[in-house]
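# Here is a sequence with its predicted model. Questions after.
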Amino acid sequence: MMNELLEKYFRGETSLSEEKELKKYFSEGNVASEHEVYRALFEEFKMELNETAKAPLVKVIPVQRKIKRIWIQTFAYTAIAATLLLLVWIQFPQTSDNFARIDGKIIDNQEFVQKYTEKKLNKVNNILARSMEPMKSFNKVRQDIEPLQNVRDIRTKMNEIKNKLKIK
């Protein structure tokens, strides 16, 4: 009977109750000499049942699930962002592209905006022209000093000629 049960066990055809019977047979100690070869195998199974894990067990999650979760989160965040943009677009409808804001008011009249801009640019131009006035006088002083520079150069050359004449 045990021979048939062992053959069935090694073929992988035994039920749980039959495996319990085999384990009981090898743990009692009354093992036939022909079955003594298998005793070490079944005792090892018994020892494994008594062992406890020394380190905490870590649940391993397949990489595919992480990637799938990342894609799902990405799609969710994208959908949220698109919904928010749509709500903002609906909440604040677009107006004409040809307008200007003057003192916080929207002006659609292009002629008025153009005249207003010209007026402001003329003011800026006048301010710049007034600020450049000192530069004009500075340039005039520079032009007036230029002949004096020439006189200085002429004196220097005359001194050089005198020195050359004394040497010879």
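Ah, there it is. Residues are numbered from 1 along each chain as shown.

# for the protein, what spans make up the strands?
Assigned by DSSP state E, the chain shows strands spanning 100-102, 105-107.

# Of the ones you listed, flag the one that's most buried.
strand 100-102 (a mean of 12; mean count of other Cβ atoms under 10 Å). (Each C-beta comes from the backbone N, C-alpha and C, glycine too.)

# follow-up on the earlier one: would you list the strands of the chain in JSON lines and tack on mean pLDDT and distance to Val151?
JSON lines is the format used below for the strands of the chain (pLDDT from 0 to 100; distance: least, Cβ to Cβ, whole Å):
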{"stretch": "strand 100-102", "mean pLDDT": "81", "distance to Val151": "59"}
{"stretch": "strand 105-107", "mean pLDDT": "82", "distance to Val151": "62"}
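
# do you know which of the ones you listed lies nearest Ile154?
Comparing the strands of the chain against Ile154 with Cβ to Cβ, the closest turns out to be strand 100-102 (62.1 Å).

# Return the distance of that closest one from the chain's centre.
37 Å (Cα atoms, centre = their mean, to the nearest Å).

# Likewise for stretch 18-31?
63 Å.

# can you pull the buried residues of it?
22, 25-26, 31 (16 or more other Cβ atoms under 10 Å).

# before we move on, the earlier item: adding distance to Asn125, write the strands of the chain out as a markdown table.
Putting the strands of the chain into a markdown table (distance: least, Cβ to Cβ, whole Å) gives the following:
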| stretch | distance to Asn125 |
| --- | --- |
| strand 100-102 | 20 |
| strand 105-107 | 23 |
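
# Ok, which of those strands comes nearest Lys166?
strand 100-102 (78.6 Å).

# Starting from the closest one, tell me which strands it pairs with and how they run.
Its sheet considered, strand 100-102 pairs with strand 105-107 (antiparallel) by DSSP bridges.

# Go ahead and name everything in contact with the strand it pairs with.
Residues from elsewhere that reach strand 105-107 (Cβ atoms under 8 Å, 6 or more residues apart in numbering): 95, 99-101, 113, 116.

# what does stretch 115-129 give?
Against stretch 115-129 from outside (Cβ under 8 Å, 6+ apart): 100, 102, 107.

# And the second one, how far from Gln110?
Ile102 sits 13 Å away from Gln110, taking Cβ to Cβ, to the nearest Å as the criterion.
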